[in-house]
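Novice: Okay, predicted coordinates and the sequence, questions at the end:
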Amino acid sequence: MPIPNLEKPIIKGLIQKDKVIVDGVELDGTWNAFMIERTQTGYDQSVWDEIANTVEGATISLCWQCGTCTSGCTMREYDPNYSPRRFIDLARKGDKQSLVELQDSIWRCVSCQKCTHRCPKGVLVEEVVHSIHNYLLKHGLVKTDPGTVFDELFLETVMKNGGRISELLLGGASAKAGFVTMSIRDLITMMGPLMKSGLIKDLMKPSRVKEWDRIKPVLEEAMKEEVVPQ
Amino acid sequence: MTEIANPYGKVALYPGCALDGLGKSYDVSLQLVAKDLGINYEKIEDYNCCGALEVKNVNTMAGLLLPARNLSLARQMGANAVMSACPGCHYSLSRTQYFMTRYPKLREKVNSYLEKMGEKQYDMQLLMIHAVEFVYNTVGPEGVKARVKRPLTGLKVAPYYGCLYSRPKAYTLTGYMKMKDDPERPVFMDELLKALGAEVVPFESKTMCCGGPHVYSDVNTSLHLEARILKDAKRNGAELLITDCPLGHVAIETNMNKIAEKYGQDLRMPLVYFSQLLAFAFGHSPDEALLTANMTNPMSVLKRYL
């Protein structure tokens, strides 16, 4: 019998009119095809456990895989591989390999919160996705992406500039890191408002938290702490 | 004008970095509006960055402790509610409150660090509100209407709320007891703008994301999202895009040249903070409301009402 076209890609070799012995019993018959093994092994249960043990990822266990998060997702329209539902599914299965294959998508969440807002089960989807991403980063499974570089730059700017930030400070730091490209025209458009609102002074001397030097070490100490959802 | 008792008790304004930076025109005009309407709030002094949407992704504790310090400062002022003008700050503060409520041991930890910083423990007694909700729930559209000296009849506006004004309801409590706006189809700003005599056009992108957090790291997606917001507003005939989010406002304004080059020059449209339009309608000059300091020059549209 000819093999249906749909099945061709999943067929491994052809064995015809062969004798087969299963458990010592010789079977008589004709075997046309053997399917490629499609069960996957090597799932790592610890992925789920580790994510569920973070403050952000604790709600991963509540997911019912209904897909409400993904159907309304802002990012999905711009990146068909972006799927919170799938990220959660893979993380719960512990399928690291598939997650790593999605590394160019998983960081692209714009934090618009539609997913979390609409989830009928109370999963904090946006938080969980960030937790999965952080897991991959922490274990060195994925390369550092532009989003993470920017997030780190943001925190660094807050710490360096006395606990505060402004679009101007951040813009400056981002330009230094090679993020921002501004044309002369953009700069001219910006200068007018900066002069008129008196912001040019703030640009020269940004405001700081008064006792930042006392607060900063406490913050740095706190940042080293392992936080669990309790 | 006599002081109006508001339903929140004492309100503290968390200015956030935006209002002291490129969102200065938001800050200045909000003060004018509050003074005209006779509603009071007090600024939190010596506040720190709320961590916005970035810090929490890098470090869990920093993402909670930074907002918590601001909440503690607000309680030390004796405030009952914290108003943010920036939905990003509103979100960050509400998120901290949510996690501190949910995990008592985490709350203890955050509080112990606050004490180390020299602040008081945060007692979880604050309600987070947004500036639009503050105006709406204290004086309401009628109160606003009564103050209008310069009716904006015939002005077509599209109110852009942005994503975090109402989402997620788990943190921001949207829909709560009619004090909070509808999470899917917010209307508070629409009502306030109608009270000025302006015409609010149908606007599908009301709560669509502008790609703010990735405005630097994933710029093409951001441009695309912003272009869609402008396209929807234009298609429905809006002359001005009214914003309540400094992040979205600044992101769209600074990207306007790039958007116009990529998606068509006819998408150009001036942006105005809702408080600026209120201040203008209340009779303040464009300079007072810092309308002349907006990058997209809204006076080209508003000059006919002078």
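Specialist: Done, it's in.

Novice: ok, A:V149 - contacts?
Specialist: A:A177, B:S217 (C-beta atoms under 8 Å, 6 or more residues apart in numbering or on different chains). In short, each C-beta sits where N, CA and C put it, glycine included.

Novice: actually B:Y14, not the one I wrote
Specialist: So B:Y14 contacts B:I44, B:Y47, B:C50, B:N70, B:A74, B:V82, B:M83, B:S84, B:C89, B:L93 (C-beta under 8 Å, 6+ apart).

Novice: same question, A:L169
Specialist: Shown in contact with A:L169 (C-beta under 8 Å, 6+ apart): A:T157, A:N161, A:P206, B:G21.

Novice: on that earlier part again, reformat the contacts of B:Y14 as TSV; add distance to chain A, neighbour count and pLDDT.
Specialist: Converted to TSV, these look like this (distance: C-beta to the nearest C-beta, whole Å; neighbours: other C-beta atoms under 10 Å in any protein chain shown; pLDDT from 0 to 100):
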residue	distance to chain A	neighbour count	pLDDT
B:I44	11	21	96
B:Y47	8	24	95
B:C50	10	31	94
B:N70	10	28	97
B:A74	15	27	97
B:V82	17	28	97
B:M83	19	29	96
B:S84	15	27	96
B:C89	12	31	95
B:L93	15	26	96
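
Novice: Next step: those restricted to strands.
Specialist: B:V82, B:M83, B:S84 (DSSP state E).

Novice: lowest-confidence helix or strand of chain B?
Specialist: When the helices and strands of chain B are scored by mean pLDDT, DSSP states H and E, helix B:16-19 comes last with a mean of 87.

Novice: okay, and for the chain, where does confidence drop off?
Specialist: Chain wasn't specified; assuming chain A. Within chain A, the ranges that satisfy pLDDT under 70 run A:1-4, A:7-20, A:27-42, A:181-183, A:203-204.

Novice: nope, chain B please
Specialist: B:1-5, B:177.

Novice: show me where it has strands.
Specialist: Ranges of strands in chain B, per DSSP E, are B:11-14, B:42-43, B:81-84, B:127-130, B:156-160, B:199-200, B:240-243, B:271-273.

Novice: how about these in JSON lines, adding distance to B:A260?
Specialist: Shown next, in JSON lines, are the strands of chain B (distance: least, C-beta to C-beta, whole Å):
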{"stretch": "strand B:11-14", "distance to B:A260": "34"}
{"stretch": "strand B:42-43", "distance to B:A260": "36"}
{"stretch": "strand B:81-84", "distance to B:A260": "31"}
{"stretch": "strand B:127-130", "distance to B:A260": "30"}
{"stretch": "strand B:156-160", "distance to B:A260": "17"}
{"stretch": "strand B:199-200", "distance to B:A260": "25"}
{"stretch": "strand B:240-243", "distance to B:A260": "14"}
{"stretch": "strand B:271-273", "distance to B:A260": "13"}
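
Novice: just to revisit the earlier point, CA atoms only for the least confident helix or strand of chain B, dumped as CSV, please.
Specialist: Extracted in CSV, the C-alpha atoms of helix B:16-19 (Å, rounded to 0.1, in the frame of the first residue of the first chain):
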residue,chain,number,x,y,z
GLY,B,16,8.0,59.9,39.9
CYS,B,17,11.0,60.8,37.8
ALA,B,18,8.8,61.6,34.8
LEU,B,19,7.1,64.6,36.4
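
Novice: which residues touch residue 226?
Specialist: Going with chain A. With C-beta under 8 Å, 6+ apart, A:E226 has no contacts at all.

Novice: wait, I meant chain B there
Specialist: By C-beta under 8 Å, 6+ apart, the residues touching B:E226 are B:C210, B:G211, B:A251, B:I252, B:N255, B:I259.

Novice: restrict those residues to those near chain A?
Specialist: Applying C-beta under 8 Å from any C-beta of the partner chain, the subset of these adjacent to chain A comprises B:G211.

Novice: List only buried entries from the contacts of B:E226.
Specialist: Buried by 16 or more other C-beta atoms under 10 Å in any protein chain shown: B:C210, B:G211, B:A251, B:I252, B:N255, B:I259, out of the contacts of B:E226.

Novice: sorry, back to before: closest one of the contacts of B:Y14 to B:L30?
Specialist: Relative to B:L30, the closest of these is B:M83; by C-beta to C-beta it sits at 9.2 Å.

Novice: Show me the beta-bridge partners of the closest one.
Specialist: Going by DSSP bridges, B:M83 is paired in beta bridges with B:L13, B:I129.

Novice: From what I see, it and B:L13 are in contact.
Specialist: Yes: in this structure, B:M83 is within contact of B:L13 by C-beta atoms under 8 Å, at 5.2 Å.

Novice: Quick check: neighbours shared by those two?
Specialist: Contacts common to B:M83 and B:L13, judged by C-beta under 8 Å, 6+ apart, are B:Y41.

Novice: coming back round to it: restricted to helices, list the contacts of B:Y14.
Specialist: B:N70, B:A74, B:C89, B:L93 (DSSP state H).

Novice: Now for the first one: which residues touch it?
Specialist: Same thing as B:N70. B:N70 neighbours (C-beta under 8 Å, 6+ apart): B:Y14, B:I44, B:Y47, B:N48, B:C50, B:V82, B:L93.

Novice: Please name the nearest non-neighbouring residue to the third one.
Specialist: Going back to what we said before, that points to B:Y47. Using C-beta to C-beta, 6 or more residues apart in numbering or on different chains and skipping the chain neighbours, the partner closest in space to B:Y47 is B:N70 (5.1 Å).
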